[in-house]
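Peer 1: Have a look; sequence and predicted model below, questions after that.
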Amino acid sequence: MKRLFLLISILVVSKFSAQTWATEDQYIQRFAQYAVEEMEKYKIPASITLAQGLLETGGGQSILAQEGKNHFGIKCKEDWTGKTMKHTDDAPNECFRVYDDPKQSYEDHSKFLATRKYYTNLFTLDMKDYKAWANGLKKAGYATNPRYASILIGKIERYKLYEFDNTNSKEVLYAVLRKYPDLKDDKAFMAKLEPSKIIKKEPVTVKVPYKQTSYAEQQKRVERIKSNAEILNSILIKSHPNEGLKYIVIPEDTTVRFIAAKFKISESKLVKWNELETDILHKNDIVFLESKNSDGNTATYKAESGENMHDIAQKFGIKLTKLYAKNRMDEGQKPVAGQLIYLIDKKPKN
């Protein structure tokens, strides 16, 4: 949630195709209605919601938006029982919510603000004062970027998103059309605006000559599945958010010996750097290719259900012994779900 910029994939797309949008203008055209509907239900300015969506998704191009229909970077947390996906944000392989439709993401974002005590003061503000809301979000700790409020305000004023704060869900599509007159030529958009004026065309039946193919030819068309060895040989070295430490994510079950040979690092070093107790590495395990740091890249972290201290140490690139020491825990002691784990010493070092 707190990471402001996600990796943007450059895609060649057409308007409103599936989950891809070429520009921020297209994002506004597609999701202004959701933002206004949420404003009516939860009293959150539509301009703020749209600006946050633009920023979090890079105009709809982020991996979370594309693959998970998650437009606000909401992580799983303990109360989430729906589908999930792994994505690197503050740490590698963090758990993020996956939605069936972006509309669900918009509503979840509204509930997130409306039900958490940190944001209570926001709802005492004038709903049409987008500047106060932007600054209020920053003050409440929604994001760590000191320029977060000014970035939101900049997007709102650049695209005149405040205009949506003065409309309703029945009129919002007309407001979009006023902003983007060329949409009158977009049949998909106009169908939503005035469905009764769209003339239905009878489907055209096309006869295609049947051509029999051999079993061998059919098999050639079936997508070839990579073997475990091929998958493992395609592993890429990544840069960890904690000072750029080199690490990999294991794509299939394998051994320390295989990884050591592939990256020309001794097995003993891999075992030491990653505090391993077995030679077996499992799918989605995080493995560092150099010694981890003594501190994490964020101050604290709330342990998730089922996590142990080794999991957290790997997630944040911190030495396990240091992690135990910072939290005054004995070796092997497990955290409980929701426990606040310190990743940086409570008191500054002398």
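Peer 2: Now that the structure is in, tell me what you want to look at.
Peer 1: Isn't F316 up against S294?
Peer 2: No. Counting by C-beta atoms under 8 Å, F316 does not reach S294; the two are 11.5 Å apart. Where you see a C-beta, it was placed from the backbone N, CA and C, and this is true even at glycine.
Peer 1: which of the two has more neighbours?
Peer 2: F316 (25 against 15; other C-beta atoms under 10 Å).
Peer 1: okay, and for the stretch 201-350 of the chain, where does confidence drop off?
Peer 2: Across the stretch 201-350 of the chain, the ranges flagged by pLDDT under 70 are 201-233, 347-350.
Peer 1: where exactly do the strands run in it?
Peer 2: Residue ranges of the strands in the stretch 201-350 of the chain, as given by DSSP state E, counting those that start in this stretch, are 238-239, 246-249, 254-255, 280-281, 286-288, 300-302, 340-342.
Peer 1: what's the most buried one of those?
Peer 2: Highest mean neighbour count among the strands of the stretch 201-350 of the chain (mean count of other C-beta atoms under 10 Å): strand 286-288, with a mean of 21.
Peer 1: For it, name the packing helices and strands.
Peer 2: With contacts taken as 3 or more C-beta pairs under 8 Å, 6 or more residues apart in numbering; DSSP states H and E, strand 286-288 sits against strand 246-249, helix 309-316.
Peer 1: So what are the sheet partners of that strand and their directions?
Peer 2: Taking DSSP bridges as the criterion, strand 286-288 sits next to strand 246-249 (antiparallel) in its sheet.
Peer 1: which other helices and strands contact the lengthiest helix in the chain?
Peer 2: Scanning the chain for the helix with the most residues, using DSSP state H, yields helix 24-42. Secondary-structure packing of helix 24-42 (3+ C-beta pairs under 8 Å, 6+ apart): helix 46-57, helix 102-115, helix 172-179.
Peer 1: Which parts of it count as buried, going by neighbours?
Peer 2: For helix 24-42, burial by neighbour count (16 or more other C-beta atoms under 10 Å) applies to 24, 26-39, 42.
Peer 1: Over to stretch 163-181?
Peer 2: Buried, per 16+ other C-beta under 10 Å, within stretch 163-181: E163, F164, D165, T167, S169, V172, L173, A175, V176, L177, K179.
Peer 1: I'd guessed the fourth one sits against V36; true?
Peer 2: It refers to T167. Yes. The criterion here is C-beta under 8 Å, and T167 meets it with V36 at 6.1 Å.
Peer 1: Quickly list what's touching both of the two.
Peer 2: A46 (C-beta atoms under 8 Å, 6 or more residues apart in numbering).
Peer 1: Show residues contacting stretch 316-326.
Peer 2: In this structure, residues lying in contact with stretch 316-326 by C-beta under 8 Å, 6+ apart are 90-91, 240-243, 245, 247, 275, 288, 291-298, 301, 309-310, 312-313, 330-331, 333, 341-346.
Peer 1: Please enumerate the strands of the stretch 51-200 of the chain.
Peer 2: In the stretch 51-200 of the chain, the segments counted as strands under DSSP E, counting those that start in this stretch are 84-87, 94-97.
Peer 1: winner for burial among those?
Peer 2: strand 94-97 (a mean of 19).
Peer 1: now for that one, which elements pack on it?
Peer 2: Applying 3+ C-beta pairs under 8 Å, 6+ apart, one finds that strand 94-97 contacts helix 63-68, strand 84-87.
Peer 1: And for R147, the neighbour number?
Peer 2: For R147, the count of nearby residues is 11 (other C-beta under 10 Å).
Peer 1: The chain should start at 19 in everything you say after this.
Peer 2: All set: I'll call the first residue 19, so the last point we hit is now R165.
Peer 1: Contacts only, for it.
Peer 2: Counting by C-beta under 8 Å, 6+ apart, R165 has no contacts.
Peer 1: got it, and D118?
Peer 2: Per C-beta under 8 Å, 6+ apart, neighbours of D118: K87.
Peer 1: what's the pLDDT at it?
Peer 2: As predicted, D118 sits at a pLDDT of 93.
Peer 1: So it versus K101, what's the distance?
Peer 2: Noted for D118: a distance of 8 Å to K101, by C-beta to C-beta, to the nearest Å.
Peer 1: Repeat that for Q51.
Peer 2: From Q51 to K101 the distance is 24 Å (C-beta to C-beta).
Peer 1: Ok, D183 next?
Peer 2: Distance from D183 to K101, by C-beta to C-beta: 33 Å.
Peer 1: before we move on, what about E55?
Peer 2: For E55, the distance to K101 - C-beta to C-beta - is 23 Å.
Peer 1: buried stuff in stretch 309-316?
Peer 2: Neighbour-count burial for stretch 309-316, with 16+ other C-beta under 10 Å as criterion, is recorded at K310, N311, D313, G314, N315.
Peer 1: who touches it?
Peer 2: With C-beta under 8 Å, 6+ apart as the criterion, stretch 309-316 contacts 108-109, 258-261, 263, 291, 331, 334-337, 340, 361-363.
Peer 1: neighbours around Q351, how many?
Peer 2: Q351 has 11 nearby residues by other C-beta under 10 Å.
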